[in-house]
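S.K.: give the three-dimensional model of this entry:
(chains A and B)
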Protein chains: 2
Amino acid sequence: MKYYVYIAIERKEAILDPQGKAIEHALDSLGFKEIENTRVGKLMRLTINAGSPEAAREIAESASAKLLANPIMETFSVIRVSETPVLSTVEPEIA
Amino acid sequence: MKYYVYIAIERKEAILDPQGKAIEHALDSLGFKEIENTRVGKLMRLTINAGSPEAAREIAESASAKLLANPIMETFSVIRVSETPVLSTVEPEIA
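M.R.: Numbering: from 1, shown residues only, chains lettered A, B, ... in the order given. Below is the predicted model:
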């Protein structure tokens, strides 16, 4: 079975994010005064052949720990395991 | 109220993703034979002052359309609107 696994990689809060700051200023210039702070991370989508969604998730976590994320500066989280590749149909979780 | 809004920005499927390809080869060299394909996108976290989560989401969508995403090459989706900044506590959606 083929699973699409989305992994979010974010810089730790203590690490400066110049790209985020630049976007913050640009948004401010465009009049988005409600937006206080912006941070930029990476989003990876892996297509994984696995027997179950749990197995796909484990492979993705192992790949994140071994290659994708830098544990000194970044944190990673598997945010979606799905049989369809499309993220845009997901309704945002409001929490 | 302060909301943390996560936006995923992905390249459209037809657009080449050399960074994703490089990661794919690196994962293959590390022995992750189950991982078939890798694509890399951006993840933005905006901190927005708004009266409701719905209002925060609208501001984020407007900012994405006006500045953050390139509509020719990219698609964006608001994936989470939350009062807490942490994504890593979210259990992955298995669909």
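
S.K.: who's residue A:39 bridged to?
M.R.: Using DSSP bridges, the beta-bridge partners of residue A:39 come out as residue B:45.

S.K.: please look at it and residue B:45 and confirm they touch.
M.R.: Yes - between residue A:39 and residue B:45 a contact is recorded at 4.6 Å, counting by CB atoms under 8 Å. In short, each C-beta sits where N, CA and C put it, glycine included.

S.K.: report the set of residues contacting both of these two.
M.R.: residue A:10 (CB atoms under 8 Å, 6 or more residues apart in numbering or on different chains).

S.K.: so where's chain A uncertain?
M.R.: A:88-95 (pLDDT under 70).

S.K.: those strands in it, which residues are they?
M.R.: Along chain A, the stretches classed as strands by DSSP state E are A:2-11, A:35-49, A:74-82, A:93-94.

S.K.: what strands line up against the first one, and which way round?
M.R.: When you say that, I think you mean strand A:2-11. strand A:35-49 (antiparallel), strand A:74-82 (antiparallel).

S.K.: minimum distance to residue B:9: which of those strands has it?
M.R.: strand A:35-49 (7.5 Å; CB to CB).

S.K.: just the buried residues of that closest one, please?
M.R.: Buried residues in strand A:35-49, defined by neighbour count with 16 or more other CB atoms under 10 Å in any protein chain shown: A:35, A:38, A:39, A:40, A:41, A:42, A:43, A:44, A:45, A:46, A:47, A:48.

S.K.: contacting residues for the third one?
M.R.: Taking CB under 8 Å, 6+ apart, we find residue A:39 in contact with A:10, A:11, A:17, A:20, B:44, B:45.
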